[in-house]
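K.L.:
This is a predicted model, with the sequence first.
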Amino acid sequence: MIQSGLLSILLLGFTLGIKHATEPDHVIAVSTIASRTKKLSKSSLAGVFWGLGHTATLLVIGVTAVALGRQIPETLAGVLEFFVGLMLVYLGITGVWKSRAAKETNYQHVHKKSFFIGVVHGLAGSAAMVLLTAASASTGFEAAQFILIFGAGTVAGMLLFTTLLGLPFLVSSREAIPLFLIKATSLISVFYGLYYMFETGSQIFA
């Protein structure tokens, strides 16, 4: 039977995972990908693959760091965060460019891209995750349990968001609404990415 203390930690991990999935950089990045699909199921899967990529990275880096008793250097964490901003700008620019053709992206490509974005976000967010895990887990096995539950929360949170994002494609057969959604999410991604790069860059070189 799972001890009450460990159960509380796992429940906390799931709740934090849902909250983590709705952070602006995560939502914006996945939006630029999910908005390219025209089926609700495919839009939802984009969120699932993001969560899987995010969890895979945290599981490898988080458990390794806890087992070795080490933390990711703040400078490296800052560089990875800066890279997230750069990725957001890239996703936004490519989204605007591809929206001109108004063609649907290949589903397999969408899912691979979502998984890769999740991996990158996992790298950037792993420093804080390791600190939280190290403070609540005494062994690598407990850390793995926490991260997996946290990952389940991120998958659930992003699944809900990308499902809601895909609803406009069901309620309207007009091309204008999906095209507007693609352009809007892409432009938001560019501007937020630039802001994110500025903020993280200021911290790195402070």
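P.N.:
Structure's in. What do you need? Residues are numbered from 1 along each chain as shown.
K.L.:
hang on, F49 packs against G118?
P.N.:
Yes: counting by CB atoms under 8 Å, F49 touches G118, with 6.8 Å between them. Any C-beta I mention is one placed from the backbone N, CA and C, and that applies to glycine too.
K.L.:
Do I have it right that G85 meets Y196?
P.N.:
Yes: at 3.4 Å, G85 and Y196 qualify as touching, with contact defined as CB under 8 Å.
K.L.:
Common neighbours of those two, please.
P.N.:
Residues touching both G85 and Y196 (CB atoms under 8 Å, 6 or more residues apart in numbering) are D25.
K.L.:
neighbour-wise, which of F49 and G118 wins?
P.N.:
The neighbour count for F49 versus G118, taken as other CB atoms under 10 Å, is higher for G118 (30 against 23).
K.L.:
show me what contacts the more buried one?
P.N.:
So G118 contacts F49, W50, G51, L52, G53, H54, T55, A56, T57 (CB under 8 Å, 6+ apart).
K.L.:
JSON lines for these, including secondary structure, distance to Y192 and pLDDT?
P.N.:
Converted to JSON lines, the contacts of G118 look like this (DSSP: H, G, I helix; E, B strand; the rest coil; distance: CB to CB, whole Å; pLDDT from 0 to 100):
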{"residue": "F49", "secondary structure": "helix", "distance to Y192": "21", "pLDDT": "92"}
{"residue": "W50", "secondary structure": "helix", "distance to Y192": "17", "pLDDT": "91"}
{"residue": "G51", "secondary structure": "helix", "distance to Y192": "20", "pLDDT": "90"}
{"residue": "L52", "secondary structure": "helix", "distance to Y192": "24", "pLDDT": "93"}
{"residue": "G53", "secondary structure": "helix", "distance to Y192": "20", "pLDDT": "92"}
{"residue": "H54", "secondary structure": "helix", "distance to Y192": "18", "pLDDT": "90"}
{"residue": "T55", "secondary structure": "helix", "distance to Y192": "23", "pLDDT": "89"}
{"residue": "A56", "secondary structure": "helix", "distance to Y192": "25", "pLDDT": "90"}
{"residue": "T57", "secondary structure": "helix", "distance to Y192": "21", "pLDDT": "88"}
